[in-house]
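J.: show me how the following folds:
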Amino acid sequence: MNRENTEKRSAGKSNSSHSAFLVGTGILFSRLAGLVRDRVFAHFFGNSDAADAFRGAFRIPNLLQNLFGEGVLSASFIPVYSQLLAKKEEEEAGKVAGAIAAILSLVVSVLVVFGITFTPLLIDLITPGFQGSKQELAIQLVRILFPGSGLLVLSAWCLGILNSHRRFFLSYAAPVIWNAIIIVALIGFGTRQTQFDLAATAAWGSVAGSLLQLIVQLPVVLKLCRRISFSLFHRSQDVLTVIRNFVPVFFSRGVTQISAYIDSLISSLLPTGALAGLSYAQTLYILPVSLFGMSVSASELPAMSSALGNEREVARYLRQRLNSGLRQIAFFIIPSTVAFLTLGDIITAAIYQSGRFTGEDAVFVWGILAGSALGMLAATLGRLYSSTYYALRDTRTPLYFALIRVFLSTGLGFYAAIYLPSQLNFNPRWGVAGLTFASGLAALLEYWLLRQTMIRRIGETGLPWGLVFQLWGAAAISAAAGWGVKLATVPMHPIPRALLVLGPFVLLYFVLTLLFKVPEVQSMVAKFPSAQTLLKNFSRPKEK
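T.: Numbers count the residues shown, from 1 in each chain. Reported below is the predicted structural model:
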């Protein structure tokens, strides 16, 4: 039996990088589509009142998606459903999947009606700084967007089914459709409507995209889960376990969302452009977090949840997968952090500078992005630690630490956003950069707590100090080279300038990590025979 488990685990480990690749590829397509969407949005809206209203309005129904969507379902549903599949209990798995779908549909429908009815109250609570026509537009947009968020929750249920069956690509690439519909709406009506009317058109495009995102996944889900049985009254122990696990994760996500909405509230009190700037920066920030953090965490959760054996065997298996995932994440997130800190203006200008979005706006968003980047590594590694807790059916520990993070980031953020700019004699709208800096510090504390507690559960985990030094050193040297190219280039269009500056940065980072013999980059090179031969010739000592 132990030998069988060992073979299964070895096979699972060999497939983990492939699964992470599929997740990462799907997320890459989705995020690239999101960047195109945001670039088109920035072209037509810039940092205007309409942009603030849309960004603020989108956060309110998005709460529904975040509380009931991917993160919560992944933590509560996937561990139970994946283990039923591992035990070959397909009939019970179908009943659990159907019961969760039915419960979600009922609860989300009620909340959508509630949200549409009480939209004015929600606007007053979330964005009290909005007044007049800006407030009226936000109310209109929220009422349009709420049904679409309900559809995205059901789409997240599809993701849970697909991930449990190791069908990662479709679930993470499906949002491309949602982004595409919004882009088409913006381009199609951008030159024919006022900014306020165009914002409503984009909102309707979001709803249509949400529906198509759900429809494209359903046929595959129904094919994989052939014994699915939709019922509100299926009360097996497994369904109760999902619901029981759902509650603390729901509150954990709720706490995180409260933090996000407090950020929106504070940003709405700052001058025009603060809230829109925060949203632009978050889009850039979430790209490497999703590609290199979520891809690993999402692919590891069903694998970790399927672990069988005694307590010591499970702990050893989880420790191996966790440490391997941490190394994969750090290899990409550390250079991303350095790039955001040192070359963020180049990146922001390349993505957004067009039409109403100016070079000055790019520098402003860079400042906000730099604050977030300080805690990006900790926040991304923390995602994988949280997935490990969920695989252990422990959803409460991440909740406790999320509460600590939120309290810290809220207190520090309010001070840094409202009071610190005047004390430093800065423009008040730069307070939003202080807001992201506070969130970064809080993420560092949360990561430390997650790691220390996990060490007591499964043994020593974390990144080797030697690897950390190598990665930070390689990224710093690469950034210095990129900065030198930046100073040497003449003024030109932001996109070719970004290619000239970021190209040497990326190339030098990979060359240096190869010279340092970092295993992660060596395993990447090993997948390409021609590159592997070149590496062997490069590292072979010359004959005298």
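
J.: where does Arg227 sit: helix, strand or coil?
T.: Secondary structure, DSSP: H, G, I helix; E, B strand; the rest coil: Arg227 is coil.

J.: so what's it up against?
T.: Arg227 is in contact with 90-91, 93-95, counting by C-beta atoms under 8 Å, 6 or more residues apart in numbering. To be clear about C-beta, it is placed using only N, CA and C from the backbone, and glycine gets the same treatment.

J.: swap the cut-off to 7 Å and go again
T.: Contacts for Arg227 (C-beta atoms under 7 Å, 6 or more residues apart in numbering) come out as 90-91, 94.

J.: out of those, who's nearest Ile103?
T.: Gly94 (15.1 Å; C-beta to C-beta).

J.: got the confidence number for Ala526?
T.: On the pLDDT scale, Ala526 is placed at 67.

J.: can you offset everything so residue one is 52?
T.: Sounds good: first residue 52 from here, last item Ala577.

J.: ok so, going back, now, the contacts of Arg278 that are in helices?
T.: The helices, defined by DSSP state H, take in 141-142, 145 from the contacts of Arg278.

J.: now render those as TSV, adding neighbour count, distance to Leu459 and pLDDT.
T.: Listed next are the ones in helices among the contacts of Arg278 as TSV, based on neighbours: other C-beta atoms under 10 Å; distance: C-beta to C-beta, whole Å; pLDDT from 0 to 100:
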residue	neighbour count	distance to Leu459	pLDDT
Glu141	14	45	84
Glu142	13	47	85
Gly145	19	43	86
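
J.: count the residues that sit near the residue lying closest to Val572 once chain neighbours are set aside.
T.: Nearest residue to Val572, sequence neighbours excluded (C-beta to C-beta, 6 or more residues apart in numbering): Thr564, at 4.5 Å. Using other C-beta atoms under 10 Å, Thr564 has 24 neighbouring residues.

J.: which strand or helix spans Thr564?
T.: According to DSSP states H and E, Thr564 maps onto helix 545-566.

J.: can you give me the pLDDT of Ile509?
T.: Ile509 is given a pLDDT of 90.

J.: contact partners for it?
T.: 366, 369-370.

J.: how about Leu425?
T.: 488, 491.

J.: which phi and psi values does it adopt?
T.: phi -60, psi -30 (degrees, to the nearest 10).

J.: cool, Ile279 as well?
T.: Dihedral angles (degrees, to the nearest 10) for Ile279: phi -70, psi 140.

J.: quick check: it vs Val235, distance?
T.: 33 Å (C-beta to C-beta, to the nearest Å).

J.: so which of the two has more stuff around it?
T.: Remark: of Ile279 and Val235, Ile279 carries more neighbours, 19 against 14, as counted by other C-beta under 10 Å.

J.: give me the low-pLDDT residue ranges for the chain?
T.: Across the chain, the ranges flagged by pLDDT under 70 are 52-72, 75, 117-123, 125-126, 302-309, 358-359, 577-595.

J.: which stretches of it form strands?
T.: Applying DSSP state E to the chain gives no strands.

J.: so what's Tyr312 closest to, chain neighbours aside?
T.: In space, Tyr312 is closest to Ile177, 5.4 Å off (C-beta to C-beta, 6+ apart).

J.: pick the one among the contacts of Arg278 closest to Ser257.
T.: Gly145 (31.8 Å).

J.: my guess is the closest one meets Ser280, correct?
T.: Yes - counting by C-beta atoms under 7 Å, Ser280 is a contact partner of Gly145 at 5.6 Å.

J.: distance of the nearest residue to Trp499 once chain neighbours are set aside from Gly485?
T.: Among residues not flanking Trp499 along the chain, Ala429 sits closest, at 7.8 Å (C-beta to C-beta, 6+ apart). Here Ala429 is placed at a distance of 18 Å from Gly485 (C-beta to C-beta).

J.: so the two - more neighbours on which side?
T.: Remark: of Ala429 and Gly485, Gly485 carries more neighbours, 25 against 21, as counted by other C-beta under 10 Å.

J.: any idea how many residues pack against Pro555?
T.: Residues near Pro555, counting by other C-beta under 10 Å: 16.

J.: same thing with Thr245?
T.: Neighbour number of Thr245 under other C-beta under 10 Å is 8.

J.: please report how far it lies from Ile195.
T.: 16 Å.

J.: and what of Ser330?
T.: On the measure of C-beta to C-beta, Ser330 and Ile195 end up 18 Å apart.

J.: before we move on, what about Tyr451?
T.: 37 Å.

J.: could you find the closest non-adjacent residue to Ala311?
T.: That would be Arg110: by C-beta to C-beta, 6+ apart, it lies 6.9 Å from Ala311.

J.: got a list of what that neighbour touches?
T.: Per C-beta under 7 Å, 6+ apart, neighbours of Arg110: 177, 311-312, 315.

J.: for Leu559, same thing?
T.: 528-529, 532.

J.: helices along the stretch 402-551 of the chain, start to end?
T.: Counting by DSSP state H, counting those that start in this stretch, the stretch 402-551 of the chain has helices at residues 410-424, 427-442, 447-465, 471-474, 482-509, 516-539, 545-566.

J.: which of these is buried the deepest?
T.: helix 427-442 (a mean of 24; mean count of other C-beta atoms under 10 Å).

J.: helices or strands up against that one?
T.: helix 346-356, helix 362-403, helix 447-465, helix 482-509 (3 or more C-beta pairs under 7 Å, 6 or more residues apart in numbering; DSSP states H and E).

J.: could you dump the ones you listed into a markdown table with distance to Lys568 added?
T.: As requested, these are arranged in a markdown table below (distance: least, C-beta to C-beta, whole Å):
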| stretch | distance to Lys568 |
| --- | --- |
| helix 346-356 | 22 |
| helix 362-403 | 13 |
| helix 447-465 | 35 |
| helix 482-509 | 26 |
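
J.: out of the ones you listed, which gets nearest to Phe165?
T.: Of these, the one closest to Phe165 (C-beta to C-beta) turns out to be helix 447-465, at 24.0 Å.

J.: now Thr312: how far from Phe109?
T.: In this structure residue 312 is Tyr, not Thr. On the measure of C-beta to C-beta, Tyr312 and Phe109 end up 12 Å apart.

J.: what does Ala101 give?
T.: Applying C-beta to C-beta to Ala101 and Phe109 gives a distance of 12 Å.

J.: pick out whichever of these two has more residues nearby.
T.: More crowded of Ala101 and Phe109, by other C-beta under 10 Å: Ala101, with 24 against 21.
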